[in-house]
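>>> Have a look; sequence and predicted model below, questions after that.
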Amino acid sequence: MSLRTKEPQYDRCIDIARTHSTELGLMSNQIWHDDPKRLSFVLARYKFVAKMFSGMEKVLEVGCADGFATRLVVQEVGSLMATDFDPIFIADAKKHESDAWPFECQTHDFLKKPLKGDFDGVYAIDVIEHIRPDDENTFIGNIAMSLNHHGTCILGSPSLESQAYASEGSKAGHVNCKTGKDLKALMSRFFYNVFLFSMNDEVVHTGYEKMAHYLFAIGCTPRNKIK
């Protein structure tokens, strides 16, 4: 006897499950195990990037980890290259590739060099807080060099103020959390126009950044591309 749902419009759930059963990646699986609600925050961050970059032709992700949320951005752009400096995560992202939402993956360390590609947009979600302050100029500089002359960069990071409430596991890797003022100042070294947004849980807003758990900085027009 074939397995069918009681309401026919849901039969597609059965059909898709037979051929496309999606697994969580290494990092998303850990989040789902340890703190399920946090996965909704991660997805909301990627959705914000997807809407900001909607319609762009070539987009670059820095620090994709397992790539689980990357397809939210793929849904809105022409093509996407996802990178991470850790080959373990790139291998996991490739393991979970989908023909329906294709994107390229490669190992790359932006502390060493830019990535050739003349990208329209680049984003790094939960990465800058792992980059030591002494290395941040090299890191953002190489990201900016990977953009074309009208390119846009989005950095997302927990705020410095949020660290009083962060888990011990998070604190272990967070060596460079910033206030909103300092995050904007960093981006302003490399981009002519920088826009700062606050975020609490899944909600992005323009409210008082000292009360924000998370920050987004959007940098437009790389300084190193304009003579």
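All right, it came through fine. Numbers count the residues shown, from 1 in each chain.

>>> so what's the one residue sitting closest to the centre of the chain scoring on pLDDT?
With distances taken as CA atoms, centre = their mean, Ile125 lies nearest the centre of the chain, 3.3 Å away. Confidence at Ile125, expressed as pLDDT, is 98.

>>> Spatially, what comes nearest to it if we skip its sequence neighbours?
Nearest non-adjacent residue to Ile125, counting by CB to CB, 6 or more residues apart in numbering: Gly156, 4.4 Å away. All C-beta atoms are positioned from the backbone trio N, CA, C, and that covers glycine.

>>> and that neighbour, how far is that from Glu97?
24 Å (CB to CB, to the nearest Å).

>>> Name all residues that make contact with Glu104.
For Glu104, the contact set (CB atoms under 8 Å, 6 or more residues apart in numbering) comprises 79-82.

>>> Dump those residues to CSV, plus neighbour count and pLDDT.
As requested, the contacts of Glu104 are arranged in CSV below (neighbours: other CB atoms under 10 Å; pLDDT from 0 to 100):
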residue, neighbour count, pLDDT
Ser79, 16, 98
Leu80, 27, 98
Met81, 20, 98
Ala82, 26, 98
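
>>> Among these, which one lies nearest to Asp92?
In terms of CB to CB, no member of the contacts of Glu104 lies closer to Asp92 than Ala82, at 11.5 Å.

>>> Doesn't Asp120 lie inside a strand?
Yes - note on Asp120: a strand contains this position according to DSSP: H, G, I helix; E, B strand; the rest coil.

>>> how would you label the closest residue in space to it that isn't next to it in sequence: helix, strand or coil?
Distances taken as CB to CB, 6+ apart put Met56 closest to Asp120, at 4.2 Å, once the chain neighbours are dropped. Three-state call for Met56 (three-state DSSP): coil.
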